[in-house]
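Colleague: Output the structure for:
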Amino acid sequence: MRHYFHPEIEDVCLPDVLFALSDATRLGIAVALADGAERTAGELGGSLAKSTMTHHLKVLREAGALRVRSEGTRCYNSLRLEELETRFPGLLDQLLGFAVKFGYTSADARPRD
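Modeller: Residues are numbered from 1 along each chain as shown. Predicted structure coming up:
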């Protein structure tokens with residue numbers, strides 16, 4: 001079973017989270033995970049190449065926005081919703097609310113005109 005690095009929530013920095021969510025693909029991933037469910041990279045990826053999805057998930061995880069749980073050969077991804085709400089109150093609600101409004105609803109979503 002693979003073990004992933006997750007920064008302690010008190011070590012998560014706002015600029016790192018904002019950088020991770022500044023990319024359209026990663027913002028779409030966050031929106032897709034905002035319901036609190038765990039999903040595999042395949043469930044999130046849509047038409048993205050596996051290596052591209054792996055890169056985006058790594059950026060989110062290392063910024064402290066994502067938690068990865070291994071189970072056998074599968075890895076389940078989830079947003080650190082409660083932890084991030086404690087660390088940065090209201091941040092995800094605002095960002096993800098605007099993301100949905102402008103069409104970032106999956107990893108391969110692009111904004112509406």
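Colleague: What are the buried residues along the helix or strand of the chain with the lowest mean pLDDT?
Modeller: Comparing every helix and strand of the chain by mean pLDDT, DSSP states H and E singles out helix 41-45 as the least confident one, with a mean of 88. Under the neighbour-count criterion of 16 or more other C-beta atoms under 10 Å, helix 41-45 has 41, 44, 45 buried. From N, CA and C alone the C-beta is placed, and that goes for glycine too.
Colleague: Please apply the same query to stretch 36-55.
Modeller: When neighbours are counted by 16+ other C-beta under 10 Å, the buried residues of stretch 36-55 are found to be 38, 39, 41, 44, 45, 48, 53.
Colleague: now, the most widely separated pair of those residues?
Modeller: Checking the buried residues of stretch 36-55 against each other with C-beta to C-beta, the farthest-apart pair comes out as 38 and 48, at 18.5 Å.
Colleague: Show residues contacting stretch 5-25.
Modeller: The contact list for stretch 5-25, computed with C-beta atoms under 8 Å, 6 or more residues apart in numbering, reads 26-27, 30, 48, 52, 56, 59-65, 67-68, 80, 83-84, 86-88, 91, 95, 104, 107-111.
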